[in-house]
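Trainee: could you look at this predicted model? Sequence included:
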Amino acid sequence: MKVIIIGAGEVGRSLAESIRRKGHDVIIVDKSEKACEKARYLDVKVVKGNGARPELLNSLDIKGSDYFFTATDNNEANLVACSMAKSVGCKTMARIKGLEYITKEVSQRFTPIGVDYAVSPELLVARKIADVITVPFAIDRNISMGGKLKVTEFKVLTTSRIKNKKIKDIRFPKNINLGAIVRENQVIVPHGKNVVREDDTLIVMTEGKKAEKKILKLLGTKRSSVERVMVVGATSIGINVAKKLKKRGVDVKIMDESRKRARRAAEILKDVEVMRGDARDKNLLVEEGILRMDALASTAPSEEYNVLVSLLAKVYGVEKTVAVVQELGVKSLIETIGIDLAASPQLQTANTMLRLARELNPLKAVPIHGGDIYLLEMHVDDDSPIVEKTIAQSDLPPECIIGAIIRNGKTIIPRGEEKFKAGDQVLTFVLKEEINAVEDVF
């Protein structure tokens, strides 16, 4: 399958890396030499030029392409390029920034002009932030298999009943599977002798809401819900986070140092307290109730500002902090210095586009925790060497955990004695460097 990506920024490169890993041919285009240089580190064809120009697209043979993604910072260029690609039969997707164009996370309003799906980075990351905040002590989440299963990252608390226990001594409920442990930015594929420590992040696969409640109980949660949240930054992301939290019954306060942004937020958010101020001012933070907040989301335009404010909130005892970041490369690093989630609009956009591109097998390699570990979806064919073998008998690498098996529409959270059957869909947690070894076994 041939895929063309216009825009070699964070979104474009993330798309290119994931799609190329699945064995598809990828061409990435950008008019910036600097962006092209970064893309050349990937195993893809890189072309310097304006992807919205017909002569360039014709030179790339877009008629022979299956998917066409546009991810530049120019909405008009994205729409125009998709329109030309659609005219020759490509499936098209465009990143669309700014809520004056798009009011849904994923929209089909532009199908008349040739865009199959338009994706909003702001709305996607706002939903992610709201989801993470409203699940007590969840750090991150990726939803797979049409919502039947959830992969969520949880922090181990001081009060957790599994703290300092070996995994073999922990009785996880049958619909819960531990996929990985993240400790000081190191990913550990868990085995029986591994000990769970305070402040570890557990990457857990759960089936159903009851399972989520059970893992929260094991982890020692202190309250069933988040009640008060401060949002710093009355940006499009911040305003939409506040909207979503308010709909979920959360008491929200939003702050911004810009008079213009604060006024706009007050006009939009009629039932949310909006104030103007610099959240780096410690006295102001205390005055505005930071000591009573359950969570803080910093969504200001500056990545550095968001990180600083989130760390300040931690100093004042806020249990959960989220900082919006733009550079994917620093996401994992930021999450090791005390911030619970570095929320990336770019990563959310790329992952959503991959999920929408069904033929690209989006679940085949879903990055978790910034790409240190992956969730692979494998299919057991009739002639697969693992048919009728148990998990324990298979030749899977030790750095691999079978998270779930989908069989005849039913979900199985397996143990070692479970046998693979022809037709099974198998979800596995695996370190990045072991992906090829897992694929070879299937």
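Mentor: That came through, no problem.

Trainee: use CA for all of it now, contacts and neighbours both
Mentor: Fine.

Trainee: so which strand or helix has the most centrally placed residue in the chain?
Mentor: Centroid-nearest residue in the chain, with CA atoms, centre = their mean: residue 348, separated by 5.1 Å. Using DSSP states H and E, residue 348 sits within helix 345-356.

Trainee: could you export that helix as PDB, CA atoms only?
Mentor: Listed next in PDB are the C-alpha coordinates belonging to helix 345-356 (Å, rounded to 0.1, in the frame of the first residue of the first chain):
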ATOM      1  CA  PRO A 345      -2.200  17.400  20.300                       C
ATOM      2  CA  GLN A 346       0.100  16.100  17.700                       C
ATOM      3  CA  LEU A 347       0.200  12.500  19.100                       C
ATOM      4  CA  GLN A 348      -3.500  12.500  19.500                       C
ATOM      5  CA  THR A 349      -4.000  13.600  15.900                       C
ATOM      6  CA  ALA A 350      -1.600  11.000  14.500                       C
ATOM      7  CA  ASN A 351      -3.200   8.200  16.500                       C
ATOM      8  CA  THR A 352      -6.700   9.200  15.500                       C
ATOM      9  CA  MET A 353      -5.800   9.300  11.800                       C
ATOM     10  CA  LEU A 354      -4.300   5.800  12.100                       C
ATOM     11  CA  ARG A 355      -7.500   4.500  13.800                       C
ATOM     12  CA  LEU A 356      -9.600   6.000  11.000                       C
END
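
Trainee: ok, and for that helix, which residues are buried?
Mentor: 345, 346, 347, 348, 349, 350, 351, 352, 353, 354, 355 (16 or more other CA atoms under 10 Å).

Trainee: quick check, distance from that helix to the centre of its chain.
Mentor: Distance of helix 345-356 from the chain centroid (CA atoms, centre = their mean, to the nearest Å) equals 8 Å.

Trainee: avg pLDDT for that helix?
Mentor: Helix 345-356 shows a mean pLDDT of 88.

Trainee: which strands and helices sit next to it?
Mentor: With contacts taken as 3 or more CA pairs under 8 Å, 6 or more residues apart in numbering; DSSP states H and E, helix 345-356 sits against helix 10-21, strand 117-119, helix 121-134.

Trainee: follow-up on the earlier one: go ahead and confirm the residue nearest to the centre of the chain touches residue 126.
Mentor: No. Between residue 348 and residue 126 there is no contact under CA atoms under 8 Å: 10.0 Å.

Trainee: one step back: so which of the buried residues of helix 345-356 comes closest to residue 391?
Mentor: When the buried residues of helix 345-356 are compared for distance to residue 391 (CA to CA), residue 355 comes out closest, at 27.8 Å.

Trainee: circling back: tabulate the helices and strands packed on helix 345-356 (JSON lines), appending mean neighbour count.
Mentor: Formatted as JSON lines, these follow (neighbours: other CA atoms under 10 Å):
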{"stretch": "helix 10-21", "mean neighbour count": "22"}
{"stretch": "strand 117-119", "mean neighbour count": "24"}
{"stretch": "helix 121-134", "mean neighbour count": "24"}
